[in-house]
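K.L.:
Sharing a sequence plus its predicted fold:
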Amino acid sequence: MVERHSVGSAEYVVLHAKWQASRGRRPSVAFLYERNPRKALQLARRFVYLVEDPSGLYLGGQIPPEYVCGKCGATGVKLWRLYQTFLEHQELTCAVCSAQAEGE
């Protein structure tokens, strides 16, 4: 499973740590600027996107109830966030609201 992801990606770091744990070992991979493997694993977990469902559907095809547009309340659509923002509580908006905010 580790080999499906490029070395240095968040997915690689998390899966490598799981593999190491299955062998009774500690994490041993750096991620981004973090060279301490334990801290790197914590950082990678914030970025990771892994599909764990056997069906291959993200979140088992279920949409979380809080996944709604922050401006119009649209559900069941792709939501967008500001470019390069990784805040804990950021506002997600639908394509229509995002385009209006950008003046498009």
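P.N.:
Alright, I've got the coordinates. Residues are numbered from 1 along each chain as shown.
K.L.:
what separates Val68 from Phe47, distance-wise?
P.N.:
Distance check for Val68 against Phe47: by Cβ to Cβ, to the nearest Å, it reads 23 Å. Backbone N, C-alpha and C define where each C-beta goes, glycine included.
K.L.:
Compare neighbour counts for those two and give me the winner.
P.N.:
The residue with more neighbours, out of Val68 and Phe47, is Val68; 18 against 14, by other Cβ atoms under 10 Å.
K.L.:
what's the pLDDT at the more buried one?
P.N.:
pLDDT for Val68: 87.
K.L.:
Name the helix or strand for it, please.
P.N.:
Per DSSP states H and E: Val68 is located in neither a helix nor a strand.
K.L.:
For the nearest residue to it once chain neighbours are set aside, which three-state class applies?
P.N.:
Counting by Cβ to Cβ, 6 or more residues apart in numbering, Thr75 is the residue found nearest to Val68 once chain neighbours are left out, at 5.1 Å. Three-state call for Thr75 (DSSP: H, G, I helix; E, B strand; the rest coil): coil.
K.L.:
who's in contact with Thr75?
P.N.:
By Cβ atoms under 8 Å, 6 or more residues apart in numbering, Thr75 lies in contact with 63, 67-69.
K.L.:
what ranges do the helices span in the protein?
P.N.:
Listed in chain order, the helices of the chain (DSSP state H) span residues 10-22, 37-47, 95-102.
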